[in-house]
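# the following block contains a protein sequence and its predicted model.
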Amino acid sequence: MQYMFLIYTDPQVAAAAPEAEMNATMAAYFAFDSEVRQKGIHVSGEGLHPPSAATTVRQEGGKLVTTDGPFAETKEFLGGYYILDCKDLDEAVEWAGKIPGVKYGSIEVRPVMVYTQE
């Protein structure tokens, strides 16, 4: 089953980390990425630009309206994601604990709904 791992980061915690720690974190991300690829469970994954680069799109009165930034004000922001093919939730939780961003925020694990058209 595919699971999405949403990586939420507290920007204040990450900003306060020394450069050497951030470099080590990036190295840990590269190692994690390599490991899930070698295990054959990697489906997808990318980092995201900060919320200041986001555009929120809504429909109001039949017209599209755009707003700079994210819709909700939160302490943590979505910094990236992975989609991994795990045998069950227990395995997914184990992988979530290995994502380096867990030190700076949280990892939300959700099953992916796979739709088929016939």
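Sure, I can see it.
# the helix ranked longest in the chain: which residues count as buried?
As assigned by DSSP state H, the longest helix anywhere in the chain is helix 19-38. The neighbour-count check on helix 19-38 (16 or more other C-beta atoms under 10 Å) flags 25, 29, 32, 36 as buried. Just so you know, the C-beta spots here come from the backbone N, C-alpha and C atoms, and that holds for glycine as well.
# can you lay out these as TSV showing distance to Pro50 and pLDDT?
As requested, these are exported to TSV (distance: C-beta to C-beta, whole Å; pLDDT from 0 to 100):
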residue	distance to Pro50	pLDDT
Thr25	16	92
Tyr29	16	96
Phe32	21	97
Val36	24	98
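# how deep is the closest residue to Gln59 other than its chain neighbours tucked in, by neighbour count?
Once flanking residues are discounted, Gln59 sits nearest to Val65: 7.3 Å by C-beta to C-beta, 6 or more residues apart in numbering. By the criterion of other C-beta atoms under 10 Å, Val65 has 10 neighbours.
# please name the bridge partners of Val65.
Val65 has the following beta-bridge partners by DSSP bridges: Arg58.
# pretty sure it sits against Val57.
Yes. Counting by C-beta atoms under 8 Å, Val65 touches Val57, with 7.4 Å between them.
# re the thing from before, neighbouring contacts of the longest helix of the chain?
Contacts of helix 19-38 with the rest of the structure, by C-beta atoms under 8 Å, 6 or more residues apart in numbering, involve 14, 17, 42, 45, 82, 84, 95, 98-101, 103-104.
# report the distance from it to the chain centre.
With C-alpha atoms, centre = their mean, to the nearest Å as the basis, helix 19-38 stands 14 Å off its chain's centre.
# residue contacts, the residue nearest the centre of the chain?
In the chain, the residue lying closest to the centroid (C-alpha atoms, centre = their mean) is Tyr81, at 2.5 Å. Residues in contact with Tyr81 (C-beta under 8 Å, 6+ apart) are 4-7, 44-46, 48.
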